[in-house]
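Student: Here's my sequence, what's the structure:
(2 chains)
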Amino acid sequence: MDLSATPSRSKSGLRSSPRKSVAAPAVAQMDLSTPSKPTPRRKPKAPPTPTQSEPKRQRQRQRQRQQPKKPKKRAYYRKVVYDGGEFAAGDDVYVKRRDGAESDAEDPEAEECRVCFRAGAAVMVECDVCLGGFHLRCVRPPLRRVPEGDWACPYCEAERAGKAIERPKPPEGKRIVRTAKEKLLSSDLWAARIESLWREPDGIFWAKVRWYIIPEETAAGRQPHNLRRELYRTNDLADIEMETILRHCYVMSPKEFKDASDQGDDVFYCEYEYDIHWHNFKRLADIDDEPETKEDPGDEPYNAGNDYISDSDEDSEYDEEEPTKCSSARTHQSHALAANLRKGRTYGLQKIGIRKIPEHVRCHQKTNLEKAKATLLLATLPKSLPCRDKEMEEISAFVKDAICNDQCLGRCLYIHGVPGTGKTMSVLAVMRRLRSELDSGNLRPYSFIEINGLKLASPENIYKVIYEQLSGHRVGLKKALHYLTEHFSGGTKIGKQANQPIILLIDELDLLLTRNQSVLYNILDWPTRPNSNLVVIGIANTMDLPEKLLPRISSRMGIQRLCFGPYNYRQLQEIITSRLKGIDAFEDQAIEFASRKVAAMSGDARRALEICRRAAEFADYRVKQSGHTSVNRGKNVVCMGDIEAAIQEVFQAPHIQVMKNCPKFGKIILVAMVHELYRSGLGEVMFDKLAATVLSWCHVNRELLPGYDTLLKICCKLGESKIILCEEGTKHKLQKLQLNYARNPQIFHGCPSTCEVYTCSGCTFPAFHSSTPGVGEQRSQLLALDQQGCYVVAVEIDPRKVELAAHNARIYGVDDMIEFVVADFFHLAPSFKADLVFLSPPWGGPSYSQAQVYSLDMLKPRDGFTILQAAQEISPNIIMFLPRNVDISQVEQLSWLSSPPFDFASEENYIEHRFKGITAYFGGVAQEVLKQGLISS
Amino acid sequence: MAAAAAAASVASQAQAVLRGRLCDQAVVHSALRSSPDTNYSKLKYLVASSVSEACNNSVLLLGPRGCGKAAVRFSFLVYSSAPLSAVFSDAGVVFDEMLNGMLHSDDNCATKASSDDNTEFMIDMLRECGLAHKTIIFVLEEFDLFAQGKQRLLYSLLDAMQSLTSQAVVIGVSCRLDADQLLEKRVRSRFSHRKLLFVPSSVDSLQRLMEHLLALPEDSPLPTKYVREYNARITSIFNDKKFKGILSSLTDADATTSHILRFLVVSYMDIDSGLLSMQSFMNALSSMQRQPKMDSLQEYKSVQDAYKTSDKYSHTVCFRAFEHLLDRELISFADNKGRNQALEYRPVKLLISSRELAESLKLNTTCPAVLQKLLDRERYM
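Tutor: Prediction:
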């Protein structure tokens, strides 16, 4: 939020209308709020102890005699009409600072113009520097409209410029009348917030107030970023007599302050709390306080003085409503709350605070990119939850159904879906919505308990937590279970709202699984009891959790289920764009790219947001490094490159990088391992053997011989990074070693020449995964018999596919081996030479699988023969990847048709045990394949 | 005489200065801080921006041991807190929770006692600090060990970071490259996949590092004439081809920074002149490349003699030798079964290769010829 802009706008807006609301007596306001109460208006200023009639007093005494043990108590009120104003707990008020100083009588409601010194109804504008009011027409030059943004009066402007200027003096005999606001800001008044109101037994009204403090009075003094109307809330409480309260003022949170207009002169801004003991500041957490106050229903009398109040109700001038709970009532029970409740506070944390409010958090105008970063944070609660409307409908229908049904039959809903698909968030959003319905009175009251399975110390602890949330007391496991079972089976009820339906949300439900599954059984059994009034919503990742459970449990849980599928790319795109609404920081394609990528991998919204945020960071970094920000717009947004960098960071395979940078002997060991494993055909190799191979290679190549211990040390180091899996080093030569990653000779591309010699000397690497899906359908393996120095040129006509493929190749670390060319294969073929051509012609869409027999004419864009002919110009060795239902005899014919006739071999390719396609080998490569005996012709 | 003593004292002083430099992480990694593209500056930017923008972040530092992960993190926290707080005034007040996976491999133990209360404390603390514009930095050393079990700690930590009031950076440090794959999927989903990869430096940068470390600073308390002479000598050595050979044979085995730091050239300084020579580099290299097992074999030759040709020796001597070998882990028991059997009757296996044995026997000049023959005969049998 840009604070520098807000206050001035609201203020000038406020000045622009005649300040009627303030000028009107406070009674009018009160009338609006409590129309039904027959309150006597505008009492003459009298001591609050009312002169009560004699009979009344007697009656009170009688009552006290009847209950002799009850001591005289204070009577607490939620709202009090005092001296013509209505004051309630939570209101902000001015408090007199000195007795009988200046001016209690004089309390101007309207400010006077600083030039003509008259109030008047004409529109005034407030100077943002001196806070003085000016009539539009009195300013030189006169203003037509209230200016937008910051405005400083000519005098302040001049002072700022360093010129001496004389401010207009008031006419003789007229004293400048200061408003309450000015008095407050010059320490002549106090402001405070009423925490509670009560009447002492002697009839005097008191209030417990929490003071506000002006910046000048803090230890840090006024800081440059403090706003003129800023106050701090303190943790200093005091009991004061109602007599000293002057009238209302309005202290607002930043958000309210921003939205406020026409609230008059007594509006203040408060963002921080000031600790008077530790002299430090803390942000006010406006988000969290809200549910707490809502949760107490407040229908329980705080003390027994209830009838005492109602007794004096009819004829007294005080107006009582429900007595409110005092804050002290809450403190003594706060120690007994569990972590899941989030209400318990730990002692000593109040010391945390900051000495001075750092400037950068206040006066920082955020750029678009910074705004984007902030709104993409996972912590930021989005304004709307797109794409889950249907599911939310369903949850809401389920809960409502369960609540509204008079007989609240216990039910159970199981929600499953992969992480990051908005399960918990949707449920909580539904519950928030229901809460507001409850507040507006459209719904039966219920209680809602939220528990996270992973935050419980042990599964059994859930009983404790549930009991605690219901009753507010902490008991042992067994007791809690006992009470809960009683409660749900219709016995003794726990807590105050015994008959309300209870909605129990259990996140990460699978964590409650114990060996005998008793916890889950108990929890899921309660809803089935008659009159249990319990609804359980379970959330977990696995789809088949009910099936994994004992039948008696799964029959209780598995009935109603809701699946949150992974987001597809359109949904992810919508989620991101809805968050970024109004912020011009991303290219549209960039968002699409990120969401497509994530949708293909996991469909996890968190991941998509993180990638976008990371990309925004990259862009921000780039912009800040380059120094000039607003030169051209194109540079200051997140583009494809940033997204790609972010994705690469997320999906990068670090082991390739590390292997590339291995010391030389490390590389030799790895190569030797590949060699040994390939030769033996086993999954693991003994260190003894490996060392012998390495030493013999080194000997042959006249390398310096490393010692056994050095080799062992290197092996252990590689094992530590989990590039290889090895047993502990104490086994010495008997240590068994395994490769942790697929054998991929590409890794060794950059290693010294000796290594290449080794790889050629005898071992052939079986396969090289052509990791370029996107260029055709290259899921097949490219059989490259002599790998060393192999260089791949990939040709594809669609530039987008090439981009994707190039990116994939980078991820696999083979990008320096492959050159991607955007071209038409048929144009390129005549002018190009290579050792081997791998063809993966388009099969013409998914419809190929429908055909009974796939004929080569169905290949796109030209038939098989033309393609083969073109390829022949490049190389006599051709491999072709074809659909599984291809007419194999037709393919064989191809080899005869060409001149000279080709050798031919074919191979069936299985991907994950599914027959996927046929690889046809023509020419020299077919001979090789046959010679190796890998396949039959 | 006095002059010689003075020279010696200067030399030992210089040695002390150099050793101080080698052990001081700040000096070692000062080179890191200057260039913009290092992991150091990336990490700094990340933390600085999350402090200034009041957001949560998590990052993994991956790489083999000895590449300076911990050092970067450490020097970053200690030495950059000054500029950080200068830039961000008071917000730079940073809490630092260092949790080491080795010490706290048990989830519940990581924040002591029952996890329920501690999660509560952690969330509360996060909140309070967040409200006070303070960023908490959690450093999880040996991150992979936190990923054992149910990962409660990681889950609650990362989950707590999904609230607006908290302000924290989680830095995981691990030498397992697949550390992020170890996370459970719901934890992984909450983890922002930022990774900083530390790889062993190239030979060039290692040479620069050595030049940086071994040169004496001009402003040291040593006499300027000596410093100049010393630095000139060092530069000439660095330009020598032989030095390149030494360096490359050193890095062939292990190219990490910590390995270089252990390269104790300084100890081989010629104490009379106080200068380093090529010979001291050579000596240091050979000391690095010692094969402890072979050494110990030579050392234990006499004992082994006794063992191999046991017929000549008494039973007790033989038995003692056998125990020594076990202690040195040159041989070990074949299995763990039969603990209570007498030592003599348990099957053992040799942990060194026969080739190693043969080589070390050859190196040992005092080895009796009988033993050599015995071994040779066995090999050809």
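
Student: Secondary structure element holding residue A:234?
Tutor: Assigning secondary structure by DSSP states H and E places residue A:234 in strand A:230-241.

Student: measure residue A:491 to residue A:484 for me?
Tutor: Using CB to CB, to the nearest Å, residue A:491 is found at 10 Å from residue A:484. From N, CA and C alone the C-beta is placed, and that goes for glycine too.

Student: low pLDDT regions in chain B?
Tutor: Residue ranges of chain B with pLDDT under 70: B:1-8, B:25-26, B:29-37, B:70-120, B:263-268, B:270-271, B:288-319, B:328-358, B:360-381.

Student: What pairs with the helix or strand hosting residue A:251, parallel or antiparallel?
Tutor: Assigned by DSSP H and E, residue A:251 belongs to strand A:245-252. Applying DSSP bridges to the sheet, strand A:245-252 is found paired with strand A:92-96 (antiparallel), strand A:267-275 (parallel).

Student: ok so, going back, avg pLDDT for the strand holding residue A:234?
Tutor: Strand A:230-241 comes out with an average pLDDT of 85.

Student: Alpha carbons of that strand, as PDB, please.
Tutor: The C-alpha atoms that make up strand A:230-241 are tabulated as PDB, following Å, rounded to 0.1, in the frame of the first residue of the first chain:
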ATOM      1  CA  GLU A 230      -0.800   9.400  13.200                       C
ATOM      2  CA  LEU A 231      -1.300   8.000  16.700                       C
ATOM      3  CA  TYR A 232       0.100   4.900  18.300                       C
ATOM      4  CA  ARG A 233      -1.900   2.600  20.400                       C
ATOM      5  CA  THR A 234      -0.200   1.700  23.600                       C
ATOM      6  CA  ASN A 235      -0.400  -1.200  26.000                       C
ATOM      7  CA  ASP A 236      -1.000   1.300  28.800                       C
ATOM      8  CA  LEU A 237      -4.300   0.800  30.500                       C
ATOM      9  CA  ALA A 238      -5.900   3.100  33.100                       C
ATOM     10  CA  ASP A 239      -9.100   3.400  34.900                       C
ATOM     11  CA  ILE A 240     -10.600   6.800  34.500                       C
ATOM     12  CA  GLU A 241     -13.800   8.400  35.500                       C
END
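
Student: Comparing residue A:491 and residue A:484, which shows the higher neighbour count?
Tutor: Using other CB atoms under 10 Å in any protein chain shown as the criterion, residue A:491 and residue A:484 rank with residue A:484 on top: 22 against 11.

Student: What's the separation between that one and residue A:474?
Tutor: Using CB to CB, residue A:484 is found at 14 Å from residue A:474.

Student: List the contacts of residue A:446.
Tutor: By CB atoms under 8 Å, 6 or more residues apart in numbering or on different chains, residue A:446 lies in contact with A:403, A:434, A:438, A:500-503.

Student: PyMOL command for the buried members of these?
Tutor: For the buried members of the contacts of residue A:446, the matching PyMOL selection, counting by 16 or more other CB atoms under 10 Å in any protein chain shown, is:
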select buried, chain A and resi 403+434+438+500+501+502+503
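
Student: Just the contacts of residue A:446: which are in helices?
Tutor: If you go by DSSP state H, the contacts of residue A:446 have A:403, A:434, A:438 in helices.

Student: Let me know the average pLDDT across stretch A:622-638.
Tutor: Stretch A:622-638 comes out at a mean pLDDT of 66.

Student: End to end on that stretch, go ahead and measure it.
Tutor: Using CA to CA, to the nearest Å, the end-to-end distance of stretch A:622-638 comes to 10 Å.

Student: again with stretch A:848-858
Tutor: Distance between the two ends of stretch A:848-858: 8 Å, counting by CA to CA.

Student: helices and strands around whichever strand or helix holds residue A:281, which ones?
Tutor: Applying DSSP H and E as the criterion places residue A:281 in strand A:280-283. Counting contacts by 3 or more CB pairs under 8 Å, 6 or more residues apart in numbering or on different chains; DSSP states H and E, strand A:280-283 packs against strand A:267-275, helix B:115-131.

Student: Need the ones you listed in CSV (columns: distance to residue A:643).
Tutor: Shown next, in CSV, are those (distance: least, CB to CB, whole Å):
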stretch, distance to residue A:643
strand A:267-275, 35
helix B:115-131, 29
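
Student: Could you dump the ones you listed into CSV and include mean neighbour count and distance to residue B:18?
Tutor: Listed next are the helices and strands packed on strand A:280-283 as CSV, based on neighbours: other CB atoms under 10 Å in any protein chain shown; distance: least, CB to CB, whole Å:
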stretch, mean neighbour count, distance to residue B:18
strand A:267-275, 22, 50
helix B:115-131, 22, 42
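
Student: closest to residue A:391 out of these?
Tutor: Proximity to residue A:391 (CB to CB) singles out helix B:115-131 among the helices and strands packed on strand A:280-283, at 28.1 Å.

Student: I'd like the next helix or strand past the closest one.
Tutor: The first helix or strand that comes after helix B:115-131 along the chain, using DSSP H and E, is strand B:135-141.

Student: which residues of the stretch 1-150 of chain A score low on pLDDT?
Tutor: Where the stretch 1-150 of chain A drops to pLDDT under 70, the residues are A:1-72, A:98-111, A:119-122, A:128-129, A:148-150.

Student: Right, I'll leave it there.
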